[in-house]
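Student: All I have is the shape, not the residue letters:
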């Protein structure tokens, strides 16, 4: 089977199994590189346990090789149902998930993870060979932090993994709380309360709401949000922002209207 564009297959490399562990960011210098028309920050060697769920052996081997070369510990599963069992046994630091899988497809697996509090905030990057925009939007609706369309280069995936893990590893200062209306955001505890009721948010939703609350009353362009929440320096795909705002509004219930759309510009949180 031919490899996807940009993939270079290593010869004679045995598949390794990763040790158990949680993500511990390491000190490294940041740099920026262009990925698919976006500018993302990257760093040197990194660590973290990644579960790659991909049923095409060539692609799985290439991605595992390139991620492990960067210092990540990578485990591979080819079936969605087996991946779910592995995640429930030991939650990884990041999940790379193909949409088309045997046993349990990627979208259904993402739905199940979203329903479990232990895995609702699991950083997730989706892989898809489909060209349908609906699939990408559904993936974002289900909590994906990012998506990569096939064909892709391994370097692109590595950079996106580093960007997502960097955001997920950010530790807020202790005791930091934000209150607007009935919204109560406990930043240190990573909790949202609305009228005393707890609301589950994904890591990306939490960052988005925190930024809007910190900058309440000020309009944030889609480009600003992509840069400050997702780590992209250019507004080249505003659908990512729009999809997450729509999903966040649904979770805010009676406070949904507090996020205002400024037509042609971006979003503002009303005080």
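Tutor: Perfect, I can see it now. What you see is a predicted model; the values in this text were computed from it and never measured.

Student: what residue ranges in this structure are flagged as low confidence?
Tutor: 1-46, 130-136, 169-175, 232-238 (pLDDT under 70).

Student: Now do the strands in it.
Tutor: 31-35, 38-42, 49-53, 73-77, 94-98, 124-128, 146-149, 177-180, 183-186, 191-194, 197-199, 220-221, 259-262, 266-269 (DSSP state E).

Student: Out of these, which gets nearest to residue 165?
Tutor: Comparing the strands of the chain against residue 165 with Cβ to Cβ, the closest turns out to be strand 94-98 (5.7 Å). Backbone N, C-alpha and C define where each C-beta goes, glycine included.

Student: Could you give the backbone dihedrals for the closest residue to residue 81 other than its chain neighbours?
Tutor: Spatial nearest neighbour of residue 81, chain neighbours left out: residue 103 (3.8 Å); criterion: Cβ to Cβ, 6 or more residues apart in numbering. Phi and psi for residue 103, reported as degrees, to the nearest 10, are phi 80, psi -60.

Student: right, and residue 83 touches residue 77 too?
Tutor: Yes - between residue 83 and residue 77 a contact is recorded at 4.2 Å, counting by Cβ atoms under 8 Å.

Student: Now for residue 196, how many residues are close by?
Tutor: By other Cβ atoms under 10 Å, 7 other residues sit near residue 196.

Student: How much space separates it from residue 186?
Tutor: 12 Å (Cβ to Cβ, to the nearest Å).

Student: re earlier: what's the overlap in contacts for residue 83 and residue 77?
Tutor: 51, 53 (Cβ atoms under 8 Å, 6 or more residues apart in numbering).

Student: Would you check how far apart residue 268 and residue 217 are?
Tutor: 7 Å.

Student: which of those two has more neighbours?
Tutor: Shown here are residue 268 and residue 217; by other Cβ under 10 Å, residue 268 has more neighbours (18 against 9).

Student: Skipping its backbone neighbours, what lies nearest residue 198 in space?
Tutor: Using Cβ to Cβ, 6+ apart, the closest residue to residue 198 is residue 191 (6.5 Å).

Student: who does the one you found bridge with?
Tutor: Note on residue 191: beta-bridge partners by DSSP bridges are residue 186.

Student: correct me, but it touches residue 200?
Tutor: No - assessed by Cβ under 8 Å, residue 191 is found out of contact with residue 200, at 9.2 Å.

Student: domains of the protein?
Tutor: 31-168, 177-269 (automatic domain parsing).

Student: out of these, deepest packed?
Tutor: domain 31-168 (a mean of 19; mean count of other Cβ atoms under 10 Å).
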